[in-house]
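[1] The sequence isn't on hand, but the structure is:
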């Protein structure tokens with residue numbers, strides 16, 4: 001796995017609510033891939049019960065963001081990780097009433113009009 005986060009790639013060791021902000025930012029920019037089970041150095045750390053996320057993540061993103069990303073479980077160096085592929089959206093996507101975009105390897109809130 002390439003070890004650098006960038007405009008279209010983000011690593012998270014575990015699923016948490018902050019992942020939804022990243023997915024929102026990808027949808028509002030050019031799309032991207034969120035890898036869960038990868039540390040900041042790009043090394044796989046394994047995801048326990050990864051298969052349950054195949055339903056949980058699409059359902060949560062649909063309910064909260066109104067979009068459904070593609071979610072797959074992959075093996076990297078013998079460890080299971082989750083790849084969330086987010087397509088760019090044609091309409092603005094908000095996360096709890098706030099809009100985010102990607103700038104380099106960061107998700108930033110869009111302020112103003």
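    Noted; the coordinates are in hand. Keep in mind it's a predicted model, so treat the numbers as computed, not measured. Numbers count the residues shown, from 1 in each chain.

[2] where does residue 53 land on pLDDT?
    pLDDT recorded at residue 53 is 93.

[3] Check the secondary structure at it for me.
    Three-state assignment for residue 53 (DSSP: H, G, I helix; E, B strand; the rest coil): helix.

[4] Listing request: residues of the chain with sub-threshold pLDDT.
    1-3, 113 (pLDDT under 70).

[5] Could you pull out the helices in the protein for me?
    Along the chain, counting by DSSP state H, helices occupy 18-28, 53-65.

[6] now the angle between helix 18-28 and the longest one, please.
    It stands for helix 53-65. Relative orientation of helix 53-65 versus helix 18-28 (axes from the mean of the first three to the mean of the last three CA atoms, to 10 degrees): 70 degrees.

[7] Name the residues of helix 53-65 that are buried.
    53, 57-58, 60-61, 64-65 (16 or more other CB atoms under 10 Å). C-betas here are computed from N, CA, C, even on glycine.

[8] How about the first one?
    Applying a neighbour-count criterion of 16+ other CB under 10 Å, the buried positions in helix 18-28 are 19-28.

[9] Take the buried residues of helix 53-65 and write them to a markdown table, including distance to residue 5.
    Below are the buried residues of helix 53-65 laid out as a markdown table (distance: CB to CB, whole Å):
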| residue | distance to residue 5 |
| --- | --- |
| 53 | 20 |
| 57 | 19 |
| 58 | 23 |
| 60 | 22 |
| 61 | 20 |
| 64 | 23 |
| 65 | 21 |
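
[10] between the residues you listed, which is closest to residue 33?
    residue 57 (12.8 Å; CB to CB).

[11] what's the closest non-adjacent residue to the closest one?
    In this structure, residue 57 finds its nearest non-sequential neighbour in residue 71, 4.8 Å apart by CB to CB, 6 or more residues apart in numbering.
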